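Student: fold the following for me, if possible:
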Amino acid sequence: MTPLDIEALFTRSTGDYLFARWGRPIAPVVFGVEDATLAVVKGAIEAIVALAGHQMAETDPELGANLMVFFLRDWAELPEVPNLARMIPDLGPLCERLTQAGANQYRSFRFDAEGRIKAAFVFVRMDEDLSGMPADALALNQAAQVICLWSDRAFREHSPLALAGETVILRPEIGAVIRASYDRMMPAVARDPSHALRLAARIGQGGGGDASV
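Tutor: You can find the predicted model right below:
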């Protein structure tokens, strides 16, 4: 990928460049799926975390679980989840906006004092389109989109996934960006587009990678 390609992945619709990665091990919990699908979702998260060279944990000492993934059929279900309104401000109005927009997924991040990701909430409404996706593709797609703070426009035109034969994989160029962004010499938070130049240089030095489930 060119530096401009990478810059676009973290340039928000407001025009601001903003990158952040996780600053603590990821401790996930998944709601709304059967045991077999639960294993697929957690496997996808583990694959992406391993690709990044980051860490998993059973629990987060401050939050218990710091990555919460919810699968649901209707946005109206969310306000009924116990204690969720305390974690997601204005949950009722948010669900109304998501319903009106016909959205099938939503991600919300929380950050520490330095701006690193400390928690994320992923909501997936299983509409007709998503219900037709294989579980492994759906899980890998969500895991890839929560490992970094991507632009709100990053994957509107192109999915982060690709097919290698019959196997769903992360697009190699996206895997390369994830690996480079978690390089210990790279900052955990960046607000200047020159960060994209540094990522491109890391990728050029062999910071690629892929993940599959």
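Student: on contacts alone, who are the packing partners of the lengthiest helix in the chain?
Tutor: Across the chain, the longest stretch assigned as helix under DSSP state H is helix 35-52. Packing partners of helix 35-52 (3 or more Cβ pairs under 8 Å, 6 or more residues apart in numbering; DSSP states H and E): strand 28-31, strand 67-72, helix 135-146, helix 172-181. All C-beta atoms are positioned from the backbone trio N, CA, C, and that covers glycine.
Student: what sits closest to the residue nearest to the spatial centre of the chain if chain neighbours are left out?
Tutor: The geometric centre of the chain, computed from its C-alpha atoms, lies nearest to residue 146 (Cα atoms, centre = their mean), at 1.3 Å. Spatially, and ignoring its direct neighbours in sequence, residue 146 is nearest to residue 120 (5.1 Å; Cβ to Cβ, 6 or more residues apart in numbering).
Student: quick revisit: dump the helices and strands packed on helix 35-52 into JSON lines; add distance to residue 39 as well.
Tutor: Compiled in JSON lines, those are given as follows (distance: least, Cβ to Cβ, whole Å):
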{"stretch": "strand 28-31", "distance to residue 39": "10"}
{"stretch": "strand 67-72", "distance to residue 39": "13"}
{"stretch": "helix 135-146", "distance to residue 39": "10"}
{"stretch": "helix 172-181", "distance to residue 39": "22"}
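Student: now the strands for this structure?
Tutor: 19-20, 28-31, 67-72, 105-111, 117-125, 161-164, 167-170, 189-190 (DSSP state E).
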